[in-house]
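Participant: Dropping the sequence and predicted coords here.
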Amino acid sequence: MERRKFLKNSGFGAAAVLTGPVVASCNDTRENKKPQGTGAVTKGPIVIATWDVPNATAKAWETLHGGGSSLDAVEQGVMVEEADIKNQSVGKGGRPDRDGNVTLDACIMDKDSNCGAVVYLQNITHAVSVARKVMEDTPHVMLAGKGAEKFAIEKGFKQEELLTDKSKAEWLEWKKTSNYQPIINIENHDTIGMLAIDKNGDLSGACTTSGMAYKIAGRVGDSPIIGAGLFIDNEVGGATATGVGEEVVRTVGSFLIVELMRQGKSPQEACEEGVKRIIAKNSNYKDFQIGFIAVNKKGETGGYCIQPGFSYRTYTEDGHINQVSASYIG
């Protein structure tokens, strides 16, 4: 199958569905419906994550507020989504590939440019934590497939079935036609990418996903790829992506945004340019979604996407807010 045709047909039919509302784990979950980056400089710790994931950002904030590092914060934060079986795009309960296997991709990066990643990981819920072990306990950056699973078991991670009854039933129903239909922004939820700045002003980031639903077995998107799905430079800032990963990989999207910030662009301006680079290379950009978020060393944040419907959540001393992202298509 021609790659372009496959991407057009798959779109966000492979995205996740959050079947119930996310219940906030804090009292302040205001929504800012004005689509723009904050622009304001935030002093002190900050958490920013793709999509409206209040439980995840609250957990990360709890870690930061307790004096924890940005690295601990992003790991603990995204682990919340990995363990939530109602989130069918991340961790346990994720939708399987077309062969019925749930395969996870994740990466993590710290203030010193240390990074770790896992791809095509099976039977282990917390892919982000395995990625951190790759970073800290091996000379490598990335482990894949059975090698990644073996490494996780050796490090004490528990093997468990990741395919839930709900995801299995939906997969079996999908197999009746095996037909991809683009459904953009299903329930406004997808891959989770998270960035944080701690009390020392140090940045870290993490990204985790179960990838496109019913993908070709072995497919890997941008989420575990350092520079594509996630990039951190402690002197400049960080960025992370969500959406159709193949298109983010082609522009090395998160690295691009950090480099644009290095050149003087605000996080908002950098995210907008990152999206526009993708659009310039895709005449069919209306058929898929890409979203970027970013934070710079000063604590300014930004977010931008192709299609309306993407949002990102921030947690600072000023509150816990779901920010509606500006989009290229009005």
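Facilitator: Structure received.
Participant: alpha carbons only for contacts and neighbour counts from here, please
Facilitator: OK.
Participant: just checking, I48 is part of a strand?
Facilitator: Yes - residue state for I48 (DSSP: H, G, I helix; E, B strand; the rest coil) corresponds to a strand.
Participant: Now do the host helix or strand of L64 and strand 46-50, the angle between them.
Facilitator: Taking DSSP states H and E as the criterion, L64 maps to helix 54-65. Between the axes of helix 54-65 and strand 46-50, defined by axes from the mean of the first three to the mean of the last three C-alpha atoms, to 10 degrees, the angle is 160 degrees.
Participant: ranges for the helices of the chain?
Facilitator: Secondary structure of the chain, counting by DSSP state H: helices at 3-10, 54-65, 70-83, 127-137, 145-154, 165-174, 245-251, 253-262, 267-280.
Participant: okay, those helices, which one's buried deepest?
Facilitator: helix 70-83 (a mean of 26; mean count of other C-alpha atoms under 10 Å).
Participant: and the residue nearest to A131 when sequence neighbours are not counted, what pLDDT?
Facilitator: The spatial neighbour of A131 that comes closest, neighbours along the chain excluded (C-alpha to C-alpha, 6 or more residues apart in numbering), is A117 at 4.4 Å. pLDDT recorded at A117 is 99.
Participant: now A117, which residues is it bridged with?
Facilitator: Note on A117: beta-bridge partners C107, M142, judged by DSSP bridges.
Participant: ok, it - contacts?
Facilitator: Contacts for A117 (C-alpha atoms under 8 Å, 6 or more residues apart in numbering) come out as 105-108, 128, 130-132, 134-135, 141-143, 224-225.
Participant: repeat that with 7 Å
Facilitator: A106, C107, I108, A131, V134, V141, M142, L143, P224 (C-alpha atoms under 7 Å, 6 or more residues apart in numbering).
Participant: separation between the first one and V275?
Facilitator: Using C-alpha to C-alpha, to the nearest Å, one gets 22 Å for the distance from A106 to V275.
Participant: for the third one, same thing?
Facilitator: Applying C-alpha to C-alpha, the value for I108 to V275 is 22 Å.
Participant: Pull the CA coordinates from stretch 264-278 and hand them back as PDB.
Facilitator: Presented in PDB, the C-alpha positions along stretch 264-278 are these (Å, rounded to 0.1, in the frame of the first residue of the first chain):
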ATOM      1  CA  GLY A 264      14.600  33.900  19.700                       C
ATOM      2  CA  LYS A 265      11.100  32.800  18.900                       C
ATOM      3  CA  SER A 266       8.600  32.400  21.700                       C
ATOM      4  CA  PRO A 267       7.200  29.000  22.400                       C
ATOM      5  CA  GLN A 268       4.000  30.000  20.700                       C
ATOM      6  CA  GLU A 269       5.800  31.300  17.600                       C
ATOM      7  CA  ALA A 270       8.000  28.200  17.400                       C
ATOM      8  CA  CYS A 271       5.000  25.800  17.700                       C
ATOM      9  CA  GLU A 272       3.200  27.700  14.900                       C
ATOM     10  CA  GLU A 273       6.200  27.500  12.700                       C
ATOM     11  CA  GLY A 274       6.600  23.700  13.400                       C
ATOM     12  CA  VAL A 275       3.100  23.100  12.300                       C
ATOM     13  CA  LYS A 276       3.400  25.200   9.200                       C
ATOM     14  CA  ARG A 277       6.600  23.300   8.100                       C
ATOM     15  CA  ILE A 278       4.500  20.100   8.100                       C
END
